[in-house]
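Student: Please find the sequence and the predicted model below.
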Amino acid sequence: MKKLLSIFTACVFAASLVTGCSSSAPASSSASASASSEAEASAPAESKTFKVGFDAEYPPFGYMDENGEYTGFDLELAQGVCEINGWEYEAVPINWDSKDMELNSGSIDCIWNGFTINGREDDYTWSVPYVDNSQVIVCSEESGINSLADLAGKTVGVQAASAALDALNSEDNAELTATFGALQEFGDYNSAFVELQAGSIDAVAMDVGVANYQIKSRGEGYKVLEEPISVEQYAIGFKKGNEELKDEVESALEQLVDDGTFAELAEKYEISDMVCLGK
């Protein structure tokens with residue numbers, strides 16, 4: 001009898017052990033699931049990368065400095081926008097001829113680099129204008145060219161797919177361009193200035209801000225004709241229909257105007273007389 005009682009007691013004890021183990025497993029699983037949920041909730045949201053398409057040889061708006069870093073008025077503004085919106089900033093140098101392909105493929109989020117609205121109003125979703133610009137003629141001080149009329153028979157250089165080229169090919173300047181000996185296109189303005197210095201071309205048509213920067217950096221020997229080819233405005237170009245991104249960038253840009261950053265950068269890059277936003 002005692003033997004049977006001992007056997008019964010042992011079975012009851014074993015059963016209690018099994019029951020205890022089986023009830024502890026769901027508790028452990030529940031705690032693990034809870035910890036996992038808390039970790040996911042506390043994990044930071046993925047940051048947006050804002051990819052700014054620009055011409056790396058277009059100072060003072062976008063270029064590579066002596067330290068090999070991309071900088072410029074437009075790029076520093078873009079960095080400021082990213083800081084306000086909590087975005088990662090990425091400067092993406094592009095071939096200006098391929099800017100539309102880069103934008104439409106999603107390789108860049110915007111074109112922000114001295115980008116002219118005029119004549120392209122329906123091709124992009126635009127921010128508010130922020131710079132008043134004009135297209136001008138640069139030539140050697142010894143060239144004997146003092147007015148647009150003096151360009152008759154001369155070879156004029158211009159950047160391919162640029163606002164200056166559009167201006168020269170417009171109806172407003174058709175008669176002027178027809179007087180040129182030749183209109184030669186270049187991939188960038190540095191190449192055009194090399195040819196101007198060598199005497200291979202007689203003048204260069206370009207944005208006044210870029211013209212002033214080039215003349216200052218290259219020293220004496222060049223001048224800007226007083227009579228402009230055209231007057232225009234710069235803005236940020238987004239893919240057609242991307243109103244949401246435009247609004248986010250524009251809102252941050254307005255904050256940079258309000259806190260004085262915009263004016264400080266304009267002074268730093270010596271274009272204070274060109275900016276129109278906030279005035």
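Tutor: Arrived safely, thanks for sending.
Student: What strand or helix carries the closest residue to residue 186 other than its chain neighbours?
Tutor: Spatial nearest neighbour of residue 186, chain neighbours left out: residue 192 (4.4 Å); criterion: Cβ to Cβ, 6 or more residues apart in numbering. For every residue, glycine as well, the C-beta is placed using N, CA and C. Counting by DSSP states H and E, the element that carries residue 192 is helix 189-198.
Student: Which elements pack onto that helix?
Tutor: In terms of contacts (3 or more Cβ pairs under 8 Å, 6 or more residues apart in numbering; DSSP states H and E), helix 189-198 is packed against strand 57-58, strand 131-140, strand 155-159, strand 182-186, strand 203-207, helix 208-218.
Student: cutoff 6 Å now
Tutor: Using 3 or more Cβ pairs under 6 Å, 6 or more residues apart in numbering; DSSP states H and E, the elements in contact with helix 189-198 are strand 203-207.
Student: In the sheet, which residues pair with the residue nearest the centre of the chain? Tell me.
Tutor: The centroid of the chain falls nearest to residue 52 when counting by Cα atoms, centre = their mean (3.1 Å). Under DSSP bridges, the beta-bridge partners of residue 52 are residue 91, residue 110.
Student: right, and it touches residue 78 too?
Tutor: Yes: between residue 52 and residue 78 there is a contact under Cβ atoms under 6 Å: 4.6 Å.
Student: Quick check: which ranges of the chain have low pLDDT?
Tutor: Residue ranges of the chain with pLDDT under 70: 1-46.
Student: Show me how the record splits it into domains.
Tutor: For the chain, automatic domain parsing gives the domain ranges 49-130+235-268, 133-232.
Student: Can I get the ones you listed in JSON lines including distance to residue 278?
Tutor: Output for the domains of the chain, formatted as JSON lines (distance: least, Cβ to Cβ, whole Å):
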{"stretch": "domain 49-130+235-268", "distance to residue 278": "4"}
{"stretch": "domain 133-232", "distance to residue 278": "16"}
